[in-house]
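>>> mind looking at a prediction? Sequence and model below.
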Amino acid sequence: MRFRPLIAFVLLAFAVLAPAPATAVPTFPVLPNQHFDGVVNGKTAAATVRTICPGPSAGTGHPISGQTLSVVLLASGTTSTGFTGSLGNSVAATPVTSVANDPVVFTEYFHSSALPTSWNVPCNGSGTIAFTPLPGSSTARTDFVSVRYFNIAVTPN
């Protein structure tokens, strides 16, 4: 009979010392009339995008893997940001370049996606990634995130 208290104590100890289950970061759907910011590698401005290009004189190359994009929901009344407008239910991220690139489309805030390694972007220098509400409307506003492209083939970062 003395083992019951011991067993109860051991079970209680395991319950207290067991790691808590991981909690998921809450996400929220993109809906009409919401303010948002685009995020590139954790930054809403002056982000660095590392690229790999064939050499210092190359015009365009591709982002390296391991970089992210996301969209964050902001409080209503915030200015100088993106706005989904009267119809928006998603946000498309694309680099602003002379070359067409497939967009990364977000239907939820606070959900990171990989920055595509298939995008054609400048090897070095400044640029912009546009976060555009879809479908568009007369009240929708695109958020532009300034980026610095950095060719790791020339100077490893």
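Received the coordinates, thanks. Quick caveat: nothing in here was measured; it's all calculated off a predicted structure.

>>> any idea how many residues pack against the nearest residue to Asn124 once chain neighbours are set aside?
Closest residue in space to Asn124, ignoring its immediate chain neighbours: Asn151 at 5.0 Å, by Cβ to Cβ, 6 or more residues apart in numbering. Backbone N, C-alpha and C define where each C-beta goes, glycine included. As a burial measure, Asn151 scores 22 neighbours (other Cβ atoms under 10 Å).

>>> any idea what Asn151 is bridged to?
Beta-bridge pairing of Asn151 under DSSP bridges involves Thr51.

>>> now Gly127
Under the criterion used (DSSP bridges), Gly127 bridges to Val147.

>>> quick one on the thing from earlier: for the residue nearest to Asn124, give me the pLDDT.
You'll see Asn151 listed with a pLDDT of 91.

>>> surely it touches Ile52?
Yes: counting by Cβ atoms under 8 Å, Asn151 does reach Ile52; the two are 7.1 Å apart.

>>> what do these two both touch?
Contact criterion Cβ atoms under 8 Å, 6 or more residues apart in numbering; residues shared by Asn151 and Ile52: Gly61.

>>> how far away is the residue nearest to Asn124 from Ala45?
21 Å (Cβ to Cβ, to the nearest Å).

>>> next one: Ser137
25 Å.

>>> comparing these two, which residue is more hemmed in?
For Ser137 versus Ala45, the count of surrounding residues by other Cβ under 10 Å is larger for Ser137: 16 against 12.

>>> so where does the more buried one fall, helix or strand?
Ser137 is part of no helix or strand, with elements assigned from DSSP states H and E.

>>> what residues are up against Ser138?
85-86.

>>> number of residues surrounding the residue nearest to Gly125 when sequence neighbours are not counted?
Distance criterion Cβ to Cβ, 6+ apart; nearest residue to Gly125, sequence neighbours excluded, is Tyr149 at 5.8 Å. Burial of Tyr149 is recorded as 20 neighbouring residues (other Cβ under 10 Å).

>>> surely Tyr149 is in contact with Cys123?
Yes: between Tyr149 and Cys123 there is a contact at 6.3 Å, judged by Cβ under 8 Å.

>>> overlap in contacts, those two.
With Cβ under 8 Å, 6+ apart, Tyr149 and Cys123 have common neighbours Thr51.

>>> what about the strands in this protein?
28-29, 35-40, 47-52, 60-63, 68-74, 82-83, 90-95, 104-106, 108-109, 113-114, 121-122, 125-134, 143-151 (DSSP state E).
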